[in-house]
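In: sequence first, then the predicted structure, then my questions.
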Amino acid sequence: MKPLAVELKNVSKVFSGVGRGEGLMHAVKGVDLQIKQGEFFTMLGPSGCGKTTTLRMIAGFEFPTSGDIFLNGELSNQVPPYKRAVNTVFQSYALFPHLTVAQNVGFGLAVKRVPKGEREVRVREALELVKLGQLGERKPNQLSGGQQQRVALARALVNRPAVLLLDEPLGALDLKLRETMQHELKDLQKRVGITFIYVTHDQEEALTMSDRIAVMSEGRVQQVGTPEQIYNFPANHFVADFIGDTNFLEGKVVSLHEDRTVIKVGREDVTAARANFPLMPGEKVTMVIRPEKLAVARELAPALAPGAEAPPPAAPVNPARPQPPRVNAVMNARVLDSVFVGTDTRVNVTLKGGTEITVLVRNLEDDEDFKKGDKVVVTYDASDSRLLPAAQLGTTEETYIGNGEPANGAAPAAAK
Amino acid sequence: MRQTGKWLGLGYYLLLLLFLQLPILLLIVFSFNDSVLLVFPLRGFTLQWYRELLQATELINAAKNSLLIGLVSSVVATVLGGAAAIAIARYNFPGREFFLNIATLPLVIPYVVLAVALLILFQALKIELSLWTIMIGHTIINMPYVMLIVAARLSGFANNLEEAAMDLGATYWGTLMRVTLPISMPALVAAFLSSFTMSFDEFSLAFFLAGTQNTLPVYLYSQLRFPSRLPLAVTTAAVVIMVSVVILLFSEWLRRVGTSRTGKGG
Ligand SMILES: Nc1ncnc2c1ncn2[C@@H]1O[C@H](COP(=O)(O)OP(=O)(O)O)[C@@H](O)[C@H]1O
Ligand SMILES: [Mg+2]
């Protein structure tokens, strides 16, 4: 079996002397990561959460304060950057301004004294790989941002690294170009088969490109999983909140069943999925469910009326409206407002007791208009919901609510 | 209203220019004037003074001294100041700011004060005054300028260029040779040239720290006592000015060419 491309074991990084005589900055706290060969792995989190610092430790620009970093199975904590089979695409590209594009791309090969002939061939191949075949003689400042980005990519890839690190490589590009580059990058990664470790604060970017994602917050990894796992089964409040839109319903456990949990939210009994952690009646929990998993209607099909045990799939009230595949749970609510957002309408409703939730309704021609104060029912499949402990003290609470440390994004780069 | 303002501004600018440059212009004009006296009206064109200049051995000796001091002190200042600038701009080390403050201190000390201080120091250390002591003095005053010029250029580059080089396999030494030095080069050349000009023109330190041999500015000053030698002094000054202007223009051009190629990453 191949060793892991990169493995981090309980890695922490503390910066000392932040500011003037000020204390310590715990940028990374006990991070464990296992990144497989050939994987497109993304570190996702808000700015200041320690993504760059983690990446820089993998590249060798910073050494961990504690913990171990393994590259291709070898302990590499103190190995300098120039001895690692790892290359980086910097957010600011960091192209050498005094060299041409071709010289930039050939830099790594020149340093390693690859013979000139071979070097030229490989540089040309790399430039063609990123579709910059014609521009080899230009200087970096004669290129657009997108082109510079590609040069940076070619300059790293030409060395055939075991792992390519990319720190928000698309951050400086405009939206349109960013979307094109996302696809190109993903495509490129599949073709070259190199392990990519990609850093971004953009959840959509992470969800579209990655094989697996590590969601980070305040120096800690909150969850590692495929985009589907992260999106559909957030491990905690932070992940649920950070990835996409979601509804949080705070409540107390009423009863526990084989296939579901009933909780009291305000004055309303609400059905949720079974929790994957032990629960007692009376305990506080948070239910999370995505707006697009909810549907809203004026009245309920009779089979779904409260009290009906193990309800059969509901007959839609409005046959033209596609209902979620299964509907087995219902909440009574009143409309607060409804906002048209292009293909969808966001209907905000309140439950008895005041909890606000958002329902995302796909717009169809015969849509009913919901007006403020309308009585409605919100239906969903309980298995689309998730239960989280109300306050995950110890790990999550501390990390996502913050612990008094500044979370400013930009690293205080060496003052000029 | 705005028009008047504009004309006033232009007039002021021209006056300022005239006021600043007229003496220099006069110097050059009189160097070609066929008279020992520096008075109008001009007496006619001559190259006599330039001819005499070539024969004035003492003067030429002084000029040679100045040249030597200028070259040595600006090479040393450029090497030391450049190294310090690279360290300050590209590497983080403890005491960086303190070092920067200390190193740029000579900028705010009057040269006369520095000259006296050095004189005392050399005497205390029993170092005999010579061209070398002047070189040391000029190196000291030039280093801060070199540092500022080079550091200013380096601060214009994304500060992860060196990291990128190491990421691509260059050692610390390789990074210095392949990235840091090449991108600093225009600033180093410009710093060298302005150091040289500064040293060549400098009076106070050269006066206080001179042994038996004089530099050109000190020699010229000593000649002012003899009216008949005044035209020679004027002519020398004119030559120096013209050479300095050429050097300064060249170094400014270098600086600009350098900057326009910077292309700040990020
Ligand atoms: N060299 C450094 N010295 C001190 N603090 C730093 C340094 N680099 C990063 N930090 C701090 O560590 C935290 C994490 O930074 P970073 O890894 O850059 O986050 P991200 O890339 O997720 O935005 C931030 O609070 C940042 O200010
Ligand atoms: Mg970052």
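Out: Yep, it's here. Ligands and ions are numbered 1, 2, ... in the order given.
In: and the residue nearest to residue A:201 when sequence neighbours are not counted, which helix or strand is it part of?
Out: The shortest distance from residue A:201 to any non-neighbouring residue, by C-beta to C-beta, 6 or more residues apart in numbering or on different chains, is to residue A:47 (5.4 Å). C-beta: built from backbone N, CA, C; applies to glycine. Per DSSP states H and E, residue A:47 falls between elements, in no helix or strand.
In: give me the number of residues near residue A:47?
Out: Neighbours of residue A:47 under the rule other C-beta atoms under 10 Å in any protein chain shown: 13.
In: averaged pLDDT, the top strand by length along chain A. What do you get?
Out: Under DSSP state E, the strand in chain A containing the largest number of residues is strand A:329-341. The average pLDDT within strand A:329-341 is 89.
In: packing partners for it?
Out: Judged by 3 or more C-beta pairs under 8 Å, 6 or more residues apart in numbering or on different chains; DSSP states H and E, strand A:329-341 is in contact with strand A:268-272, strand A:344-351, strand A:356-362, strand A:375-380.
In: just the element for residue B:238, please.
Out: In this structure, residue B:238 sits in helix B:230-260 according to DSSP H and E.
In: same check, this time on residue A:123
Out: Going by DSSP H and E, residue A:123 is part of helix A:116-129.
In: can you get me the start-to-end distance on stretch A:282-299?
Out: 30 Å (C-alpha to C-alpha, to the nearest Å).
In: CA atoms only for the longest strand of chain A, dumped as CSV, please.
Out: Output of strand A:329-341 as CSV, limited to C-alpha atoms (Å, rounded to 0.1, in the frame of the first residue of the first chain):
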residue,chain,number,x,y,z
ALA,A,329,-42.8,15.5,9.1
VAL,A,330,-44.6,18.8,9.4
MET,A,331,-44.4,22.0,11.3
ASN,A,332,-47.1,24.7,11.6
ALA,A,333,-46.0,28.2,10.9
ARG,A,334,-46.9,31.7,9.9
VAL,A,335,-45.4,33.5,7.0
LEU,A,336,-43.1,36.4,7.8
ASP,A,337,-42.2,37.4,4.3
SER,A,338,-41.2,35.9,1.0
VAL,A,339,-38.3,37.1,-1.1
PHE,A,340,-37.9,36.4,-4.8
VAL,A,341,-34.3,35.3,-5.6
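In: buried ones in that strand?
Out: Of all the residues in strand A:329-341, those buried under the rule 16 or more other C-beta atoms under 10 Å in any protein chain shown are A:329, A:330, A:331, A:333, A:335, A:336, A:338.
In: then stretch B:33-40?
Out: Residues of stretch B:33-40 classed as buried by neighbour count (16+ other C-beta under 10 Å): residue B:33.
In: now it - C-alpha only, CSV.
Out: What follows is stretch B:33-40 as a C-alpha-only set of coordinates in CSV (Å, rounded to 0.1, in the frame of the first residue of the first chain):
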residue,chain,number,x,y,z
ASN,B,33,36.0,83.3,-20.1
ASP,B,34,39.2,84.9,-21.2
SER,B,35,40.0,86.8,-17.9
VAL,B,36,41.3,86.2,-14.4
LEU,B,37,38.5,88.2,-12.9
LEU,B,38,35.1,86.8,-12.4
VAL,B,39,33.2,89.9,-13.6
PHE,B,40,30.9,90.8,-16.4
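In: next helix or strand past the lengthiest helix in chain B?
Out: Identified as the longest helix of chain B according to DSSP state H is helix B:57-90. Next in sequence after helix B:57-90, counting helices and strands by DSSP H and E, comes helix B:96-103.
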